[in-house]
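Asker: could you look at this predicted model? Sequence included:
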Amino acid sequence: MTIQWFPGHMNATRKAIAERLKTTDVVIELLDARLPGSSANPAIEGMTSVKPRLKILNKQDLADPARTAEWLAHYQAQSATGAIALDASQTAPAQRQAIIDACHRLSPNRGGLAKPMRVLICGVPNVGKSTLINTLSLKRQAKAADEAGVTKQEQRILLADDFYLYDTPGMLWPKIIVPESGYRLAISGAVGRNAYDDEEGALELIAYLKAQYTEALRSRYKLASDTAQAALCTQADEDILDAIGRKRGALISGGRIDRQKAAEALITDFRSGALGRITLETVNQFTKWLSDGRKAEAELRKRREAALKAKKGTGRRADDDAPGDRDEAAD
């Protein structure tokens, strides 16, 4: 399954970001600390590369601390880029000051009423922008919900007399070329519910957890008795999902497992942190996935170009491609 989700308002967001960048001093990209690479939008990266950038790894209290440190070092090593981590346990004044200080380090010549700091904050849907903004401003200025696509238009928030923060709606990759990222974005809640299948997402999550966080998976669902004959890591992903379903009472007539409900339970536990502090990708893992995705995309483009050349002079329509060679979404 290839997950794609780029509703119409996201294209409008892309245009709004491009316009706002003309008067922006620093760009903040809010990332999910549990999937820092997958939640870093390449479209935003390309648009904002000429501006100082601050990467904020949000929800660090739900992420693996060692991997968060690794990702912070990765982003801090990039040119004109800062990186900090935040979570809900920090007080609003502490969060506000950390962001203001980081932005001033990136753009030291801005500040004061004559030259106020102008900051654009962006990110994928449901990464926590609205919640963070409401916390920083000490009042409800942005609508927040645990679902993708709530914010639909730009908002301006005053964090200090000389510090303006412009919030934009969440925007995903126009085309998600990394399958692993598509699953992770869906599992985290960044993708609309109709764009993915819960069971497939849960199986992808199980495959990663049993390899990387075996004990967290075992202890949460008390799987020891279900895996007495073999180690958990050797069990089929479907069998583990069924075991989770039995433990959570996700049963239908005849004692069969309701895999939809079992999948929903697992994904909910991941999102809430009930599984523990988990990060779904390392820097090296994501780097490889992205490289593989780019190679696959380049090969797809070559096939399309070859097909278009072959059709010249045949009288066939240039857009009469084989279904498998068409892009999933607009670039």
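Answerer: The structure has been received and is ready for your questions.

Asker: for the longest helix belonging to the chain, give the mean pLDDT please.
Answerer: Taking DSSP state H as the criterion, the chain has its longest helix at helix 283-311. Mean pLDDT, computed over helix 283-311, is 92.

Asker: so how far is it from its chain's centroid?
Answerer: 22 Å (C-alpha atoms, centre = their mean, to the nearest Å).

Asker: repeat that for stretch 118-126.
Answerer: On C-alpha atoms, centre = their mean, the centre of stretch 118-126 falls 12 Å from the chain's centre.

Asker: repeat that for stretch 77-90.
Answerer: With C-alpha atoms, centre = their mean, you get 16 Å for stretch 77-90.

Asker: now do the buried residues in that stretch.
Answerer: Burial within stretch 77-90, assessed by neighbour count using 16 or more other C-beta atoms under 10 Å, is assigned to 81-87. Where you see a C-beta, it was placed from the backbone N, CA and C, and this is true even at glycine.

Asker: which one of the residues you listed sits closest to S291?
Answerer: T81 (20.3 Å; C-beta to C-beta).

Asker: look up how far E45 lies from the residue lying closest to that closest one once chain neighbours are set aside.
Answerer: In space, and not counting its chain neighbours, T81 is closest to R53: 4.9 Å by C-beta to C-beta, 6 or more residues apart in numbering. Distance, R53 to E45, by C-beta to C-beta, to the nearest Å: 8 Å.

Asker: who touches both of these two?
Answerer: E29 (C-beta atoms under 8 Å, 6 or more residues apart in numbering).

Asker: neighbour count for those two, which is higher?
Answerer: It is R53, of R53 and E45, that has more neighbours when counted by other C-beta atoms under 10 Å, with 22 against 12.

Asker: my guess is the more buried one contacts E29. True?
Answerer: Yes. R53 is within contact range of E29, at 6.4 Å (criterion: C-beta atoms under 8 Å).

Asker: immediately after the lowest-mean-pLDDT helix or strand in the chain, which helix or strand?
Answerer: Counting by mean pLDDT, DSSP states H and E, the chain has its least confident helix or strand at helix 8-20, which shows a mean of 74. Remark: after helix 8-20, the chain's next helix or strand is strand 26-32, criterion DSSP states H and E.

Asker: residues of that following strand that come out buried?
Answerer: 26-32.

Asker: of all pairs in the buried residues of stretch 77-90, which one spans the longest distance?
Answerer: Pairwise distances across those (C-beta to C-beta) peak at 20.7 Å, for the pair T81 and D87.

Asker: hang on, the earlier thing: other SSEs contacting the longest helix of the chain?
Answerer: helix 65-76, helix 179-188 (3 or more C-beta pairs under 8 Å, 6 or more residues apart in numbering; DSSP states H and E).

Asker: pick the most deeply packed of those.
Answerer: Mean neighbour count, computed with mean count of other C-beta atoms under 10 Å, is highest for helix 179-188 among the helices and strands packed on helix 283-311, reaching a mean of 25.

Asker: average pLDDT for it?
Answerer: 93.

Asker: now do the contacts for the closest residue to V124 other than its chain neighbours.
Answerer: Computed as C-beta to C-beta, 6+ apart, the closest residue to V124 that is not its neighbour in sequence is A190, at 4.6 Å. With contacts taken as C-beta under 8 Å, 6+ apart, A190 has the following neighbours: 32, 39, 124-127, 148, 170, 172.

Asker: neighbour-wise, which of those residues leads?
Answerer: In terms of neighbours by other C-beta under 10 Å, these top out with L172 at 29 neighbours.

Asker: tell me the pLDDT of that residue.
Answerer: Confidence score, pLDDT, at L172: 72.

Asker: the helices in the stretch 51-200 of the chain, which residues?
Answerer: 65-76, 92-106, 129-137, 179-188, 198-212 (DSSP state H, counting those that start in this stretch).
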